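*Asks:* Whatever this is, show me its structure:
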Amino acid sequence: MKRIFYSFVSLALLIFFYSCAGSSNTKAKLTDPPKWSSEVVWYQIFVERFSNGDTTNDPTPSTISVSTSSFPVPSDWKITPWTDDWYEQEAWAKNSGKEFREALQHRRYGGDLQGVLNKLDYLKDLGITAIYFNPLNDAPSLHKYDARNYHHIDVNFGPDPQGDIELMKSENPSDPKTWKWTSADKLFLKVVEEAHKRGMKVVLDYSWNHTGVQFWAMQDIMKNQEKSPYKDWYEITSFDNPATPENEFQYKGWLNVQSLPELRKVDLKQERVNGMPYEGNMADGPKQHIFDVSRRWLAPDGDTAKGIDGYRLDVADQIPMGFWRDYRMFVKSIKPDAYLVGEIWWEKWPNRLMNPVPYNSGDVFDAVMFYQIYRPARDFFTGVTPGVTAKELVDSLNFQWNRLSVPYRYSQMLVNATHDSPRLLTCFANPGKYKFHANPAEDPNYITGNPSEETYKRVRLYLIHQFTIPGSPSIWNGDELGMTGADDPDCRKPIWWPEFTFKDENRRNIQTGEKEYEKVGANLGHLGYYKAIISLRKSNKVLMDGSIEFVASDGKLLAYERKNSSDKLLIILNADTSEVKYTLKSGTYVDLLTGKEISGGVVQIPGLTGYVLRLK
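*Replies:* Prediction:
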């Protein structure tokens, strides 16, 4: 426990330093989010589906197999070509006899870190200033939340999978002094270095709630049972009795999924309820290991300049608040301006989202993935029936913002689509209840193909809103290229890079009946719009730090001002298909999106149109 103690001492010294620096309210407090968190444009990367930059490291059946799977990797399994029709099953999948969604879990395209490295200049040109990586830790699944090793990058993301596997065997995974840097680890650190050179922050995703069944500590328990030194790391319900022929070994898997054994929680003060914060902590063994892993990526070989800039923390409501408070103190003692963003989502599926306040009060996270303001905005801009009026949207936004202290209103990660939800265009093309039956398996009428022109207009109108309100806008990789896809797993298609020609996609997806095909691929016009809206935000500081005041909310007309000491912008959004009137104060205004000049007085705002105006 010495490392934890020393870290707490370091934090105390940091607090002393800041307190001695003066009591001015302009000085940042350690309890405040890092200043940079209000200024960035996020881009979320799911590496396996992002870009295959090195075909020599592609996954093999041995690296993606899971011992607890009821569906072993078929003997005729192969990598899926990047440009194939998403809804067409491979030969091995057809031969398996499994239905589409089950077989899809074994599909791999070979995305890797070399692919990310190759695309960093694309991201810079797009205007991205922060990358959020889905888990990169060594794991058999495509999503990587089932870690084999927390402290290493997945072997198939680096240049030498077999060499990395052999190198890992020389370590004691519970002892950080024995840890080595694999080729995949080194390539990740190169990605971080190159991202930093391009002015991009890097945040890494982890789930500290559970590991995979192939995690080294769980493997030791399965082998040695009660004699394992790690027996207290997990929620073990019964050990095997060697005197019987049966295997009585049982453990708690997250959501009863046996491939995701849950790490043990201790000192619980109340009953655990999904979607609600609870008091307690993490068992000492896994807690110390988590701290050691976190330090490894924040300060490789003790150098914070070479490390990442924070963590995105999965299923945060499943972990006790006592752990999160300790974790914040530990991370901030290493890197005070590190960013911690938690995934808190559903309090009661599918109607009630969680309260972000307990996680955004200065002692836990710097932000959450702010689904809480995306859902009402989505219901306003999609034209869903009966929908949300402008006044109702304003009420929802103010409710969420007003219960957070001012710094936390600006640090939130403004997500819409992610790896866990339908792509933005598809979400808008299906204006039903958010994320409910949002796939063709549950709704045969769910639209998965290319959206209508009206859907594009509505999405672009929403993007003006997303990029002009407080918080940091986030883009799910590929949305800027016009990608479509239903809820997980269909939102995880390989990216439609412009240099590729993709096979026509079955518009009827997995539904029975005659197949209907359509062309798919990068929409460069949509990409251009993203570049424009990103540039708008980055070139107008008032959109990062200005106050917000709503000046009109009538029906489907929404208008608000962003204002700081040196600038003021007026944003007008008409989410109706018909034009509406709006009265501007006298003067001449410039629309920053188009360069068009608009004179004061009564103006007609065309349907599904938005303006970002500055008085000349």
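
*Asks:* hey, let's count contacts and neighbours off CA atoms from now on
*Replies:* Noted.

*Asks:* count of residues packed around the residue nearest to residue 179 when sequence neighbours are not counted?
*Replies:* Counting by CA to CA, 6 or more residues apart in numbering, residue 179 lies nearest to residue 171, which is 5.8 Å off, once chain neighbours are set aside. Neighbours of residue 171 under the rule other CA atoms under 10 Å: 14.

*Asks:* how about the helices in the stretch 51-200 of the chain?
*Replies:* Along the stretch 51-200 of the chain, counting by DSSP state H, counting those that start in this stretch, helices occupy 61-64, 91-96, 100-103, 113-126, 161-168, 183-197.

*Asks:* Dump those helices to a markdown table, plus distance to residue 323.
*Replies:* Putting the helices of the stretch 51-200 of the chain into a markdown table (distance: least, CA to CA, whole Å) gives the following:
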| stretch | distance to residue 323 |
| --- | --- |
| helix 61-64 | 31 |
| helix 91-96 | 42 |
| helix 100-103 | 35 |
| helix 113-126 | 31 |
| helix 161-168 | 28 |
| helix 183-197 | 27 |
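
*Asks:* Tell me how many other residues crowd residue 286.
*Replies:* By the measure other CA under 10 Å, the count of residues near residue 286 is 22.

*Asks:* Give me the pLDDT value at the residue lying closest to it once chain neighbours are set aside.
*Replies:* Distance criterion CA to CA, 6+ apart; nearest residue to residue 286, sequence neighbours excluded, is residue 233 at 5.8 Å. For residue 233, the model assigns a pLDDT of 98.

*Asks:* Touching, residue 233 and residue 290? I think so.
*Replies:* No - applying CA atoms under 8 Å as the test, residue 233 and residue 290 come out as separate, 11.7 Å apart.

*Asks:* isn't the residue nearest to residue 179 right up against residue 182?
*Replies:* No - if you go by CA under 8 Å, residue 171 and residue 182 don't touch, sitting 11.2 Å apart.

*Asks:* Name the nearest residue to residue 532, ignoring sequence neighbours.
*Replies:* Closest residue to residue 532 apart from its sequence neighbours, by CA to CA, 6+ apart: residue 593 at 7.2 Å.

*Asks:* contacting residues around that neighbour?
*Replies:* Residue 593 sits next to 532, 533, 536, 611, 612 when contact means CA atoms under 8 Å, 6 or more residues apart in numbering.

*Asks:* And for the protein, the residue most distant from the center?
*Replies:* residue 243 (47.1 Å; CA atoms, centre = their mean).

*Asks:* quick one: that residue from residue 225, how far?
*Replies:* Going from residue 243 to residue 225 by CA to CA, to the nearest Å gives 13 Å.

*Asks:* got it, and residue 372?
*Replies:* Counting by CA to CA - residue 372 and residue 225 are separated by 43 Å.

*Asks:* picking up where we left off before, if you rank the contacts of residue 593 by neighbours, which is first?
*Replies:* Neighbour-wise, those (other CA under 10 Å) top out at residue 612, 23 neighbours.

*Asks:* how about that one, what does it touch?
*Replies:* Residue 612 sits next to 569, 570, 571, 572, 590, 591, 592, 593 when contact means CA under 8 Å, 6+ apart.

*Asks:* Using the three-state scheme, assign the fourth one.
*Replies:* Classification of residue 572 by DSSP: H, G, I helix; E, B strand; the rest coil places it in strand.

*Asks:* next one: whatever helix or strand residue 291 lives in to chain centre, how far?
*Replies:* Assigned by DSSP states H and E, residue 291 belongs to helix 284-298. Put simply, helix 284-298 sits 21 Å off its chain's centre (CA atoms, centre = their mean, to the nearest Å).

*Asks:* now what about that helix, what contacts it?
*Replies:* With CA under 8 Å, 6+ apart, helix 284-298 has contacts from 1, 4, 150-151, 174, 176, 208, 230, 232-233, 263, 302, 304, 306-310, 327, 330-331, 334-335.

*Asks:* Within its sheet, name the partner strands of the helix or strand that it is followed by and how each one runs.
*Replies:* Next in sequence after helix 284-298, counting helices and strands by DSSP H and E, comes strand 310-313. Sheet pairing for strand 310-313, assigned by DSSP bridges, gives strand 201-206 (parallel), strand 339-342 (parallel).

*Asks:* out of the ones you listed, deepest packed?
*Replies:* Sort the strands paired with strand 310-313 by mean neighbour count, taking mean count of other CA atoms under 10 Å, and strand 339-342 sits at the top with a mean of 26.

*Asks:* Grab the CA positions of that strand and hand them over as CSV.
*Replies:* Listed next in CSV are the C-alpha coordinates belonging to strand 339-342 (Å, rounded to 0.1, in the frame of the first residue of the first chain):
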residue,chain,number,x,y,z
TYR,A,339,-9.5,14.3,-17.5
LEU,A,340,-11.8,11.7,-16.0
VAL,A,341,-15.1,11.1,-17.8
GLY,A,342,-17.5,8.5,-16.6
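
*Asks:* How about residues contacting it?
*Replies:* Strand 339-342 is contacted from outside by 33-34, 37, 203, 309-316, 328, 359, 365-369, 413, using CA under 8 Å, 6+ apart.

*Asks:* Toward the C-terminus from it, list the very next helix or strand.
*Replies:* strand 346-348.

*Asks:* follow-up on the earlier one: phi, psi of the residue nearest to residue 532?
*Replies:* phi -80, psi -40 (degrees, to the nearest 10).

*Asks:* before we move on, what about the one 10 residues further on?
*Replies:* Dihedral pair for residue 603: phi -120, psi 150, per degrees, to the nearest 10.

*Asks:* my guess is it meets residue 583, correct?
*Replies:* Yes - taking CA under 8 Å as the definition, residue 603 is a contact partner of residue 583 at 6.1 Å.

*Asks:* Tell me who's in contact with residue 207.
*Replies:* Applying CA under 8 Å, 6+ apart to residue 207 gives the contacts 145, 313, 314, 315.

*Asks:* so who does the last one touch?
*Replies:* Taking CA under 8 Å, 6+ apart, we find residue 315 in contact with 207, 209, 342, 343, 344.

*Asks:* Output the lengthiest strand in the chain in CSV with nothing but the alpha carbons.
*Replies:* Using DSSP state E to define each element, the chain has its longest strand at strand 580-591. The C-alpha coordinates for strand 580-591 follow below in CSV (Å, rounded to 0.1, in the frame of the first residue of the first chain):
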residue,chain,number,x,y,z
VAL,A,580,-40.7,31.0,-39.5
LYS,A,581,-40.3,34.7,-38.8
TYR,A,582,-37.7,36.1,-36.4
THR,A,583,-37.1,39.7,-35.5
LEU,A,584,-33.5,40.8,-35.3
LYS,A,585,-32.3,43.9,-33.6
SER,A,586,-31.2,46.7,-36.0
GLY,A,587,-27.8,46.3,-37.7
THR,A,588,-26.2,44.0,-40.2
TYR,A,589,-25.3,40.4,-39.2
VAL,A,590,-23.0,37.9,-40.8
ASP,A,591,-23.8,34.2,-40.7
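
*Asks:* which residues sit against it?
*Replies:* In this structure, residues lying in contact with strand 580-591 by CA under 8 Å, 6+ apart are 557, 574, 596-607, 611-616.
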